[in-house]
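got a structure for you, letters missing:
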């Protein structure tokens, strides 16, 4: 946004390429996760993403940095995520047991919240002091540190591969059938695929909107984005009481609806510096509060209904199906912003998510689902 003066459409292409590996390779990633030990996959995924990110400061130092370098780095980081994300989720499920999934996901959300509280502020300061390409060096180092820490986890009997199939396409079909036969997973697949269009349209333009339309500096963007971490932390604390009071399904629907209102709030940020910062920050708080309330339950739901032998394939296949539209969302967001403005793009994303939530309530079993045991097949 700042160093390369990227256009909205170029940012859309970048977001699309970061998401593209998930629909391209997600089905195959599930087979790999089910056939091999999970921890080495997570470690190698971290190392690969760290190396991909190192290309950015290296090219900047050599004077070669352009959008093409960012496109390639983003795509390679996405490949690491395709393998690392489902492997991590399955590994956690195997280690902590199915009865502790909601609590474990909530505690992981606390860890994520701490990162979101500190990360944006550190990023803003590093961009201000070192410029953006060299700030990414810290991100690469963080991946290497993660891999080093993960090497300290000792082995356990639960780490053994649960499946040793011979035919890749047969394994892929088995994962797809498991999702199709469960009406809740089936509904969530199409619902999240539609929601990802709006999310990635927003991601394509939000930094440009903050820096160009609102005039925020890199340091100020970092400070304001710390409100997202506060929202995540609030969700980690609130999700269990909300589930008990309203039920798992209604809490998830409220979370999806809340993301739409959050994007609308962010898109409405305007006026003097302080007023714009408050509205933008409150929008970020509501966004992560709502999204985390949804995804803590979603992850626990998906993990709880899947047989151990299929965990890797169902996890990766759901990620593949729910992100299949994400590249389209990034491209659409960049195109709309290029022709109609950054603010309107964010407002349209919010309106889309607000309209989507009642459709999902009507066409899925979520509104009637009180507990995870209410996740049925058929």
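Perfect, thanks for sending it. Every value quoted in this text rests on a predicted model; they were computed, and no experiment measured them.

CA atoms for contacts and neighbours, from now on please.
Noted.

what does stretch 94-102 contact?
Stretch 94-102 has contacts (C-alpha atoms under 8 Å, 6 or more residues apart in numbering) with 93, 104, 158, 159, 240, 296, 297, 300, 303, 304.

just flag the most distant two among these.
Taking every pair in the contacts of stretch 94-102 and measuring C-alpha to C-alpha, the maximum separation is 28.4 Å, between 159 and 240.

which of those two has more neighbours?
For the pair residue 159 and residue 240, the greater number of neighbours falls to residue 240 (19 against 16), based on other C-alpha atoms under 10 Å.

what helix or strand is the more buried one located in?
Using DSSP states H and E, residue 240 falls within helix 218-246.

average model confidence for that helix?
For helix 218-246, the mean per-residue pLDDT is 91.

give me the angle between the next helix or strand after that helix and helix 218-246.
Scanning the chain past helix 218-246 towards its C-terminal end, the next helix or strand to appear is helix 248-268 (assignment: DSSP H and E). Inter-element angle recorded for helix 248-268 and helix 218-246: 150 degrees (by axes from the mean of the first three to the mean of the last three C-alpha atoms, to 10 degrees).

list the buried residues of stretch 214-221.
With burial defined by 16 or more other C-alpha atoms under 10 Å, the residues of stretch 214-221 counted as buried are 214, 216, 217, 218, 219, 220, 221.

same question, stretch 322-342
Of the residues in stretch 322-342, those with enough neighbours to count as buried (16+ other C-alpha under 10 Å) are 322-338, 341-342.

now it, how far from the centre of its chain.
16 Å (C-alpha atoms, centre = their mean, to the nearest Å).

just checking, residue 54 touches residue 140?
Yes. If you go by C-alpha atoms under 8 Å, residue 54 and residue 140 touch, sitting 6.0 Å apart.

more neighbours, these two?
More crowded of residue 54 and residue 140, by other C-alpha under 10 Å: residue 140, with 23 against 20.

neighbouring contacts of the strand or helix carrying that one?
When elements are assigned from DSSP H and E, residue 140 belongs to helix 132-150. Contacting residues not belonging to helix 132-150 are listed as 3, 39, 42-44, 46-47, 49-54, 56-57, 60, 123, 126-127 [C-alpha under 8 Å, 6+ apart].

which of these are buried? Put it as a PyMOL command.
In PyMOL syntax, the buried subset of those is picked out as below (16+ other C-alpha under 10 Å):
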select buried, resi 39+42+43+44+46+47+49+50+51+52+53+54+56+57+123+126+127
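
let's see which of the contacts of helix 132-150 end up in helices.
39, 42-44, 46-47, 49-54, 56-57, 60, 123, 126-127 (DSSP state H).

what mean pLDDT would you report for the helix or strand containing residue 184?
Counting by DSSP H and E, the secondary-structure element that holds residue 184 is helix 183-208. For helix 183-208, the per-residue pLDDT values average out at 95.

check stretch 7-15 too.
Averaging pLDDT along stretch 7-15 yields 96.

any idea how far residue 10 is from residue 41?
Using C-alpha to C-alpha, to the nearest Å, one obtains 32 Å as the distance from residue 10 to residue 41.

cool, and residue 190?
Counting by C-alpha to C-alpha, the gap from residue 190 to residue 41 is 28 Å.

what is the burial count for residue 119?
The criterion is other C-alpha under 10 Å. On that basis, residue 119 has 18 neighbouring residues.

cool, residue 299 as well?
Burial of residue 299, expressed as a neighbour count using other C-alpha under 10 Å, amounts to 15.

for residue 168, same thing?
Counted with other C-alpha under 10 Å, the neighbours of residue 168 add up to 13.

residue 6 is in what secondary structure piece?
Applying DSSP H and E as the criterion places residue 6 outside every helix and strand.

run the chain-centre distance for the helix holding residue 240.
With C-alpha atoms, centre = their mean as the basis, the distance from the averaged C-alpha position of helix 218-246 to the chain average is 15 Å.

so how far is residue 330 from the spatially closest residue to residue 327 that is not a sequence neighbour?
On the basis of C-alpha to C-alpha, 6 or more residues apart in numbering, the spatially nearest residue to residue 327 that is not a chain neighbour turns out to be residue 16, at 3.8 Å. The spacing between residue 16 and residue 330, counted by C-alpha to C-alpha, is 5 Å.
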